[in-house]
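>>> fold the following.
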Amino acid sequence: MPHIDQPHTHSRPLPPYRGILAVDAKDFTGYPAVQHGSISRAVPQLLEAAFGRAGLAEVWKDRRFPDSTGDGYVFGFEPAVMPFVVHPWLATLQEVLTEFNVHSAGVASIRLRTSLNIGPLPDAGDEFDGNGTPRNDTHRLLDSRPVKAVLAASSANVTQVAAILSDRCYQDVVASGYTGRHPDHFIEVPATVEGKAFAQRAWLYVPTPSGALYDRRVLGDQVIDDQEKRRPDGGTRRRATGRGAAGAPRSVVRADRGNANSGTVYGGQSVSNLDVGRDHIGGDYVRGDKAGTVHGNQGDTVHGDKHQGDR
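The predicted structure is shown next:
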């Protein structure tokens with residue numbers, strides 16, 4: 001009979017910590033079925049090429065519990081090299097995909113969402129290694145609304161990679177200064193997944209940005225100011241009149257099925273739980289592949305009615 005370990009019955013050593021990398025190809029199911037096999041084979045080949053070009057061939061050679069997911073790929077690696085995976089590898093992957101898509105002449109353009117995480121996972125050479133909460137969270141992050149939306153809202157001619165980092169990965173690698181990218185290259189987002197009980201703080205990084213990538217609605221938030229008026233049709237109307245400390249715009253960033261942070265964009269914030277309907281990304285209807293555009297930086301206040309055009 002198989003043995004299943006019972007939690008909380010006795011103490012045991014933690015499994016080794018591993019970096020986890022997972023990727024998914026955008027719009028994989030939109031391609032004809034005859035192309036699925038070739039795309040599935042191409043994804044790990046492109047990953048390997050990027051590791052080689054970035055001078056990280058050993059990371060690919062020594063990967064742990066590798067697995068193809070059909071439209072993507074996942075594997076573990078030594079967490080000490082995570083700073084190099086964040087940079088330069090993600091930027092190199094962007095270059096490799098750009099070249100591949102140019103030479104494919106539109107036959108099969110591959111754009112990748114990438115998720116990075118760190119955590120304890122079994123890794124003893126067993127066929128069932130690599131299973132645990134950190135890996136589950138890595139896949140949830142990969143499927144989360146912000147990283148999907150940011151790739152959809154960017155130019156297919158320019159942006160080939162959108163990455164999302166777990167908060168653990170960001171704090172250990174980016175905020176601590178170990179990678180060659182400044183924290184300002186990253187954007188904090190509420191990571192939620194449609195139909196899943198999952199909500200985590202995460203960080204987006206796009207090596208080659210394009211389009212409306214700094215629209216908070218694209219990233220999964222609803223940006224309103226604190227003098228919100230309710231419309232007769234149930235929506236909201238915003239007016240840019242609230243001001244915070246030192247003249248900073250006072251706003252609320254509302255996370256889909258997550259938290260609402262209120263306060264100035266420079267000052268303290270308070271947090272409360274909210275829930276948003278299924279057909280929204282951060283409270284905004286998304287029609288087609290892109291969310292609406294807010295012109296300006298992510299800290300700007302939205303002027304006028306951002307639901308204009310939804311009526």
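
>>> now for the helix or strand where residue 74 lies, which elements pack on it?
Assigned by DSSP states H and E, residue 74 belongs to strand 72-77. Here strand 72-77 touches strand 17-25, helix 33-53, strand 64-68, helix 133-142, going by 3 or more C-beta pairs under 8 Å, 6 or more residues apart in numbering; DSSP states H and E. For the C-beta atoms, the positions are set from N, CA and C on the backbone; glycine is no exception.

>>> looking at these, which is buried most?
Comparing the helices and strands packed on strand 72-77 by mean neighbour count (mean count of other C-beta atoms under 10 Å), strand 17-25 ranks first with a mean of 24.

>>> mind listing what that strand pairs with, with the direction of each?
Its sheet considered, strand 17-25 pairs with strand 72-77 (antiparallel), strand 112-120 (antiparallel) by DSSP bridges.

>>> in CSV, list the C-alpha atoms belonging to that strand.
Output in CSV follows, covering the C-alpha atoms of strand 17-25 (Å, rounded to 0.1, in the frame of the first residue of the first chain):
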residue,chain,number,x,y,z
TYR,A,17,15.2,25.2,-1.7
ARG,A,18,14.9,25.5,-5.4
GLY,A,19,14.3,28.2,-7.9
ILE,A,20,11.3,27.4,-10.1
LEU,A,21,10.9,28.6,-13.7
ALA,A,22,7.7,28.0,-15.6
VAL,A,23,6.6,29.4,-19.1
ASP,A,24,3.5,29.3,-21.1
ALA,A,25,3.0,30.2,-24.8
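
>>> so which strand or helix has residue 155?
For residue 155, there is no enclosing helix or strand under DSSP H and E.

>>> what's the burial count for it?
Residues lying near residue 155 (other C-beta atoms under 10 Å) number 12.

>>> I'd assumed residue 210 was in contact with it.
Yes: here residue 155 reaches residue 210: they are 4.0 Å apart, a contact under C-beta atoms under 8 Å.

>>> dig out what residue 77 forms beta bridges with.
Applying DSSP bridges to residue 77 gives these bridge partners: residue 19.

>>> and the gap between it and residue 50?
Computed as C-beta to C-beta, to the nearest Å, the residue 77 to residue 50 distance reads 14 Å.

>>> do residue 206 as well
Plainly put, residue 206 is 16 Å away from residue 50 if you go by C-beta to C-beta.

>>> can you give me the helices for the stretch 51-200 of the chain?
Listed in chain order, the helices of the stretch 51-200 of the chain (DSSP state H, counting those that start in this stretch) span 57-61, 82-84, 90-103, 133-142, 145-152, 167-169.

>>> for the longest one, list the C-alpha coordinates in PDB.
Right, helix 90-103. Provided in PDB are the C-alpha atoms of helix 90-103 (Å, rounded to 0.1, in the frame of the first residue of the first chain):
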ATOM      1  CA  LEU A  90      14.800  37.200 -19.300                       C
ATOM      2  CA  ALA A  91      16.200  39.900 -21.600                       C
ATOM      3  CA  THR A  92      18.100  37.300 -23.600                       C
ATOM      4  CA  LEU A  93      14.900  35.200 -24.000                       C
ATOM      5  CA  GLN A  94      13.200  38.300 -25.400                       C
ATOM      6  CA  GLU A  95      16.000  38.500 -28.000                       C
ATOM      7  CA  VAL A  96      15.800  34.800 -28.900                       C
ATOM      8  CA  LEU A  97      12.100  34.900 -29.300                       C
ATOM      9  CA  THR A  98      12.200  38.100 -31.400                       C
ATOM     10  CA  GLU A  99      14.700  36.400 -33.800                       C
ATOM     11  CA  PHE A 100      12.600  33.200 -34.000                       C
ATOM     12  CA  ASN A 101       9.400  35.100 -34.700                       C
ATOM     13  CA  VAL A 102      11.000  37.200 -37.500                       C
ATOM     14  CA  HIS A 103      12.300  34.000 -39.200                       C
END
